[in-house]
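Novice: Okay, sequence plus prediction incoming.
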Amino acid sequence: METLGCPKNQVDSDKLAGLLEAEGFAPAPQPGKADVVVVNTCAFIDKAREESIGAILALAGVRKHGARLVVTGCLAERYGAELADAMPEVDQVAGFGSWFLPGRPSTGDPVQRAGAAGGVAPVPVAAPRLKRGSAGALSSEIVAHESFAGRRATTLLPSFDLLNLPRPRARAPWAYVKIAEGCDRRCGFCAIPSFRGPQRSRARADVLAEVEALGAQEVVLVAQDLASWGRDASGDRAEGRFVDLLREVRERVERVRLLYLYPSALSEELTEAIGESGCPYFDLSLQHVSRPLLRRMRRYGDGERFLEKIAGIRRRFPDAALRSSFIIGYPGETEDDHDRLLAFLREAQLDWVGFFEFSLEEGTLATGLDGHVPSWLVAERIRECSELQDPITAARRRALVGSRCRVLVDAPGEARSHREAPEIDGVVRVPRSLAVGAWAEVEITSTAGPDLVARLSPSVTGRGHVRGRVRGRQ
């Protein structure tokens, strides 16, 4: 199973893998030995689609004779029929929650079987989104919903609810947990609501049950709009606020990390809860700092407000790490807008930053805007931003030399403190003798690019060096 795109896709892949294992399959050591090859794709922007198509073609070229090649995920959901016509190499294009082996799942409820096979308690599927067929398997249902453009439409729902499907126990010391699907926001550059749909929050009890059953020492909560969790709930699912859910998750695991937050949602109470979660890591989706440009994006805030929020976080939690991302070249971006972003980066001194070239996506507000920025100019602006930010990130990492921190060992010789999100940021290089899944107190001795190099803290001796149990690596 090849997974592309964001952490939310990884959660989907874990659940699909659990369902396949419940059907009698086992993970193959390499694509050429697999009976089924699944590509879970991303379709967020042009480069993501290109990467997904490249991965499909590469796997088609190395699969063994008779192996079934399935494409699922965002690309399949967004361009299903078109993709199937354009790529004869693919045996099946399966949208979200669509079964992708010949015939139906074997007798019985696939959700119940997946839960039993993976050791995670099955999560009830929320009615009326799905209904059961006569054979007991989950079947499709035609429902009306409000489309991205605000029109009413009928849609064939999938054969199982991917959001609430159980998943196997974590194979690494950390795990993503998706708490909602879709998004109710209408940012001018984003097409995700058009194929992921409106926000649909998971029930509190289901989220907490998954957290407990995964057995991970660090849980990374993910959703398209984390802090809006629960706002779409009704009836017995209207069970509180995101900040309360965060605190309840924290009671169950050693460290809770959030990816990511809209700055408008970062209240003082949520800031406090994040700082007390064992992981003062603030991943803020800013996208830009020019107020006029942000309004064209249908986004909140401006550079001044963002700097105030950042300063407030650092006053309350001096050890906090901050990450953000910015879109470069959105229609109407001027030299003045770009200069404001450069000035903001100098003052904000963020720990981690990503810069992304604007991608024009069909069905978004941006398609009707004027002022498109030439690609050569976008590339130049990204280069200027990177040349400014890279030394800032390096300096902030060097400033940690001599300090001590608590790390979770992810793999032999590799660990993370609260400052490093898994699979995204740098890591902390530690002695290979430390057990995977252990917590250790270390002293930072040097840097190696974005990574830190550490030794066991000399003030800690004996069994106090590390604690925690060993877990396998995914």
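Specialist: Thanks, I have it.

Novice: Is the residue nearest to Glu2 when sequence neighbours are not counted in a helix, a strand, or coil?
Specialist: With sequence-adjacent residues excluded and distances taken as C-beta to C-beta, 6 or more residues apart in numbering, Glu2 is closest to Val39, at 4.9 Å. Every residue, glycine included, has its C-beta placed from N, CA and C. Put simply, Val39 is strand when judged by DSSP: H, G, I helix; E, B strand; the rest coil.

Novice: Bridged to Val39, which residues?
Specialist: Following DSSP bridges, Val39 is listed with bridge partners Glu2, Val71.

Novice: buried ones in stretch 305-314?
Specialist: 306, 309-310, 313 (16 or more other C-beta atoms under 10 Å).

Novice: How about stretch 209-222?
Specialist: For stretch 209-222, a neighbour-count test (16+ other C-beta under 10 Å) marks 209-211, 213-222 as buried.

Novice: and which of those is nearest Gln199?
Specialist: Val222 (13.4 Å; C-beta to C-beta).

Novice: now that closest one, nearest residue through space, not along the chain?
Specialist: In space, and not counting its chain neighbours, Val222 is closest to Pro7: 4.7 Å by C-beta to C-beta, 6+ apart.

Novice: quick revisit: in helices, which of the buried residues of stretch 209-222 fall?
Specialist: Mapping these onto helices (DSSP state H) picks out 209-211, 213-214.

Novice: I'd like the residues you listed as CSV, with pLDDT and distance to Ser201 appended.
Specialist: Below are these laid out as CSV (pLDDT from 0 to 100; distance: C-beta to C-beta, whole Å):
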residue, pLDDT, distance to Ser201
Ala209, 95, 15
Glu210, 94, 14
Val211, 96, 15
Ala213, 94, 19
Leu214, 94, 19
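
Novice: Tell me the one of those nearest Cys74?
Specialist: Set against Cys74, the nearest of those by C-beta to C-beta is Glu210 (22.2 Å).

Novice: what's the distance between that closest one and Gly368?
Specialist: 41 Å (C-beta to C-beta, to the nearest Å).

Novice: Tell me the confidence at Ser98?
Specialist: At Ser98, the pLDDT value in this model is 80.

Novice: Distance check, it against Phe44.
Specialist: Note on Ser98: its distance to Phe44, by C-beta to C-beta, is 20 Å.

Novice: try Arg404
Specialist: In this view, Arg404 and Phe44 are 38 Å apart by C-beta to C-beta.

Novice: More neighbours: these two, which one.
Specialist: Taking other C-beta atoms under 10 Å, Arg404 and Phe44 do not tie; Phe44 has more neighbours (22 against 15).

Novice: Look at that one and give its secondary structure.
Specialist: Following three-state DSSP, we place Phe44 in the coil state.

Novice: residues in contact with it?
Specialist: 5-6, 74, 191-192, 359 (C-beta atoms under 8 Å, 6 or more residues apart in numbering).

Novice: Relative to Lys309, how far out is Phe358?
Specialist: From Phe358 across to Lys309, the span is 24 Å (C-beta to C-beta).

Novice: List the buried residues of stretch 315-328.
Specialist: 317, 320-324, 326-328.

Novice: got CSV for those residues, with distance to Gln389 too?
Specialist: Below are those laid out as CSV (distance: C-beta to C-beta, whole Å):
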residue, distance to Gln389
Phe317, 22
Ala320, 18
Ala321, 15
Leu322, 12
Arg323, 11
Ser324, 10
Phe326, 9
Ile327, 15
Ile328, 12
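
Novice: Which of those residues fall in helices?
Specialist: Here DSSP H is the test, and the buried residues of stretch 315-328 give no hits in helices at all.

Novice: Closest one of these to Arg398?
Specialist: Nearest to Arg398 among the buried residues of stretch 315-328 is Ala321, at 14.7 Å by C-beta to C-beta.

Novice: for that closest one, what are its contacts?
Specialist: Contacts of Ala321 by C-beta under 8 Å, 6+ apart are 280-282, 351-352, 418-420.

Novice: Quick check: chain neighbours aside, which residue is closest to it?
Specialist: Once flanking residues are discounted, Ala321 sits nearest to Arg419: 3.9 Å by C-beta to C-beta, 6+ apart.

Novice: what about the one you found, how many residues close to it?
Specialist: Applying other C-beta under 10 Å, we find 24 residues neighbouring Arg419.

Novice: Need the three-state assignment for it.
Specialist: On the three-state scheme (three-state DSSP), Arg419 is labelled coil.

Novice: Which parts of this structure are helices?
Specialist: Ranges of helices in the chain, per DSSP H, are 7-22, 46-62, 74-78, 80-86, 110-118, 192-196, 204-214, 242-250, 268-275, 291-296, 303-316, 335-348, 375-398.

Novice: just to revisit the earlier point, could you dump the buried residues of stretch 209-222 to CSV with distance to Arg299?
Specialist: Shown next, in CSV, are the buried residues of stretch 209-222 (distance: C-beta to C-beta, whole Å):
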residue, distance to Arg299
Ala209, 35
Glu210, 31
Val211, 31
Ala213, 37
Leu214, 33
Gly215, 38
Ala216, 33
Gln217, 35
Glu218, 30
Val219, 28
Val220, 24
Leu221, 22
Val222, 20
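
Novice: from the residues you listed, which single one is nearest Ala84?
Specialist: Closest to Ala84 out of the buried residues of stretch 209-222 is Val222 (28.9 Å), distances taken as C-beta to C-beta.

Novice: wait, what's in contact with that closest one?
Specialist: Going by C-beta under 8 Å, 6+ apart, Val222 touches 6-8, 11, 176-179, 259.

Novice: again, but for Ala43
Specialist: Neighbour list for Ala43: 49, 52, 73-75, 77-79, 195 [criterion: C-beta under 8 Å, 6+ apart].

Novice: just Arg200 next, same as before
Specialist: By C-beta under 8 Å, 6+ apart, the residues touching Arg200 are 163, 180-182, 232.

Novice: Quickly list what it is bridged to.
Specialist: Counting by DSSP bridges, Arg200 is bridged to Glu181.

Novice: what's the pLDDT at it?
Specialist: The model's pLDDT for Arg200 equals 90.
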